[in-house]
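> I'll drop the sequence and a predicted model, then ask my questions.
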Amino acid sequence: MLKDTSKISLFEKLIYGSGAFGMNALYTLFSTYVLFFYTDVILLNAALVGAVIAFSKIFDGISDLIAGQIIDSHRSKRGHCIPVVLKWSIPMIFSVILVFLVPDGSLALRIIYIFITYNLFNTVLYTYVGMAFGSLPSYVTNDSVDRSQMLIFNMMFSALTQTIMASAMMPMVEFFGGQGQQSAWIKSILVFGIIGLIPLVLNVIFVKERVENEVPPENLIVGVKCAVVNKYWWMAFVVNLMANFILTFNLSVSVYYLNSVLGNMALMGTFVACSNLPGVFLSAIAPFFLRKFTKRQMVLFGSICMLTAQIAFILLPTSNTVLFVTALMRGIGMGFAMGMAGALIGDTIDYGEWKTGIRVQSVLFSASSVGAKVGQGALTAAFGFVLSAIGYNGALETQAASTVSGIDAFFKFGPLVVAIILLVDIWFLDVETKNPQFIKEIKERKAAQKAGN
């Protein structure tokens, strides 16, 4: 039985947060550039690629639930999550290299290869390792403040990693031969994969699981039922989904906006820095905000910032200054939403146990993984269809005027809709203020059960 303790050191929280560099180094490169690589490097039709990604989302949601159930139900001497990170991190790195190692051949062969390798990385290996890493705080401590701080450090390192990767990838590709060379992409992915492995190894060495799941679900169906009836799980899922929609606009969609609308891919580093660095700063100071404000209040403020920024971006004349200033404002808003998303999901665990009597930690935390992957994957797929519909051709140096207008409209009005949905959703998410009563009643039930035995 794992020892049940609450307080953990700042060092362990930081080590856990650094693991987000390992996870996001790979996933940021994958989610930001995979569509661009398929359409502009190996010159595949955007609609075909979008169809592959959209079809893969069917398996994505299922794999998250299965991975969460496996992690909840299986434990070794090191616990539930650490063994998964230890055994499967290296295969995960090699699988993302395979995604970019598309062979020459017929169109059918290439599409089949893309489907297999896309899902090997995204649906299977990244899901399994990512689920273990995301669920780890709930097995490290049962103190809600410490758990929230671990998840905030995770988000802080995630935002920093996304900024570094989005800014560093193209210079690295150019160093190895240029964006038109497939081998340059593969070598770049390998370099960043090896670097990202280091913090994951540090997690295996220094992070300890202490909390045992006393009442694990009997099977996957039980876990799914517990998640489905948890209304706050759904609300937290929407927060995470919308935050990842914004992230996808900032990363993969912005590649096309900067390249085709503004005609200057060199702006990518500055744009991503403006979009993501506020999140790094806000994540760093979020533990102090938590002493005075609720998570809901911070996300509410963030959604208002994003909405205001997007309205300004639409109404003001197109310029680099407007692009960067509104990206900075949107980044501040996204920093609050993204920084609190995982912590809000953590808060739904206690409500779920109070309602069902079963504590399904990893299945509920799968909302975080599902929100990230479905949010980024579904929007990427949808954008692929949009690109095809507006006549995008990756082989052309200059796109048609109608194509440029379509990309411009998608990049401006898409985030506006997302910000409105987030604002409405967070308005009704009040689990944080009710959690103390849920926890109190759970403890009373357990005490009564022990007394009865």
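On my side now, so go ahead.
> count the residues that sit near I421.
15 (other C-beta atoms under 10 Å). C-beta coordinates here come from the backbone N, C-alpha and C atoms, glycine included.
> what about the closest residue in space to it that isn't next to it in sequence, distance to S158?
When the adjacent residues along the chain are set aside, I421 lies closest to M242, with 5.7 Å between them (C-beta to C-beta, 6 or more residues apart in numbering). Noted for M242: a distance of 16 Å to S158, by C-beta to C-beta, to the nearest Å.
> element containing the residue nearest to I421?
helix 231-248 (DSSP states H and E).
> tell me where the stretch 1-150 of the chain has helices.
Using DSSP state H, counting those that start in this stretch, the helices of the stretch 1-150 of the chain run over 10-36, 46-73, 82-99, 107-119, 126-140, 144-175.
> against A46, how distant is A395?
Counting by C-beta to C-beta - A395 and A46 are separated by 12 Å.
> next one: P317
29 Å.
> before we move on, what about R75?
R75 sits 44 Å away from A46, taking C-beta to C-beta as the criterion.
> which one of the two is surrounded by more residues?
Taking other C-beta under 10 Å, R75 and A46 do not tie; A46 has more neighbours (24 against 18).
> so that one touches F37, yeah?
No. Between A46 and F37 there is no contact under C-beta atoms under 8 Å: 11.9 Å.
> assumed Q179 was part of a strand.
No. Judged by DSSP: H, G, I helix; E, B strand; the rest coil, Q179 forms no part of a strand; its state is coil.
> identify the residue nearest it in space, chain neighbours excluded?
Closest residue to Q179 apart from its sequence neighbours, by C-beta to C-beta, 6+ apart: V173 at 5.2 Å.
> where does M23 land on pLDDT?
Each residue has a pLDDT score; the one for M23 is 93.
> burial of G342, as a residue count?
By other C-beta under 10 Å, neighbour count at G342 equals 27.
> where are the low-confidence patches of this protein?
By pLDDT under 70, the weakly predicted segments of the chain are 1-6, 213-220, 283-284, 287, 362-363, 365-372, 453.
> show me the helices in the stretch 201-350 of the chain, by range?
Using DSSP H, counting those that start in this stretch, helices in the stretch 201-350 of the chain cover 220-228, 231-248, 254-256, 268-289, 295-315, 320-356.
> columns distance to F383 on top of these, output as TSV?
What follows is those, written out as TSV (distance: least, C-beta to C-beta, whole Å):
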stretch	distance to F383
helix 220-228	29
helix 231-248	8
helix 254-256	8
helix 268-289	17
helix 295-315	17
helix 320-356	18
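> and those: which comes nearest F30?
Evaluated over the helices of the stretch 201-350 of the chain, closeness to F30 peaks at helix 231-248, with 11.9 Å, by C-beta to C-beta.
> what comes up buried for the closest one?
232-233, 235-248 (16 or more other C-beta atoms under 10 Å).
> which residues are in contact with the helix holding M242?
Contact with helix 231-248 is made by 31, 162, 227, 299, 306, 330, 334, 337-338, 340-342, 344-345, 347-348, 351-352, 364, 367-368, 370-372, 374-376, 379-380, 414-415, 418-419, 421-422, 425-426, 428-429, 431, as judged by C-beta atoms under 8 Å, 6 or more residues apart in numbering.
> can I get the CA coordinates of that helix in PDB?
C-alpha atoms of helix 231-248 as PDB (Å, rounded to 0.1, in the frame of the first residue of the first chain):
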ATOM      1  CA  LYS A 231     -21.500  17.500 -14.800                       C
ATOM      2  CA  TYR A 232     -18.500  19.400 -13.600                       C
ATOM      3  CA  TRP A 233     -16.200  17.100 -15.600                       C
ATOM      4  CA  TRP A 234     -18.000  18.200 -18.700                       C
ATOM      5  CA  MET A 235     -17.700  21.900 -17.800                       C
ATOM      6  CA  ALA A 236     -14.000  21.500 -17.100                       C
ATOM      7  CA  PHE A 237     -13.700  19.600 -20.300                       C
ATOM      8  CA  VAL A 238     -15.100  22.500 -22.300                       C
ATOM      9  CA  VAL A 239     -12.700  24.900 -20.600                       C
ATOM     10  CA  ASN A 240      -9.800  22.700 -21.600                       C
ATOM     11  CA  LEU A 241     -11.200  22.200 -25.100                       C
ATOM     12  CA  MET A 242     -11.700  25.900 -25.700                       C
ATOM     13  CA  ALA A 243      -8.200  26.700 -24.400                       C
ATOM     14  CA  ASN A 244      -6.700  24.200 -26.800                       C
ATOM     15  CA  PHE A 245      -8.700  25.600 -29.700                       C
ATOM     16  CA  ILE A 246      -7.100  29.000 -29.000                       C
ATOM     17  CA  LEU A 247      -3.700  27.300 -28.700                       C
ATOM     18  CA  THR A 248      -4.200  25.600 -32.100                       C
END
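> quick one, it and helix 320-356 angle?
For helix 231-248 against helix 320-356, the angle by axes from the mean of the first three to the mean of the last three C-alpha atoms, to 10 degrees is 160 degrees.
> if we can go back for a sec, what's the closest of the helices of the stretch 1-150 of the chain to K440?
helix 144-175 (12.8 Å).
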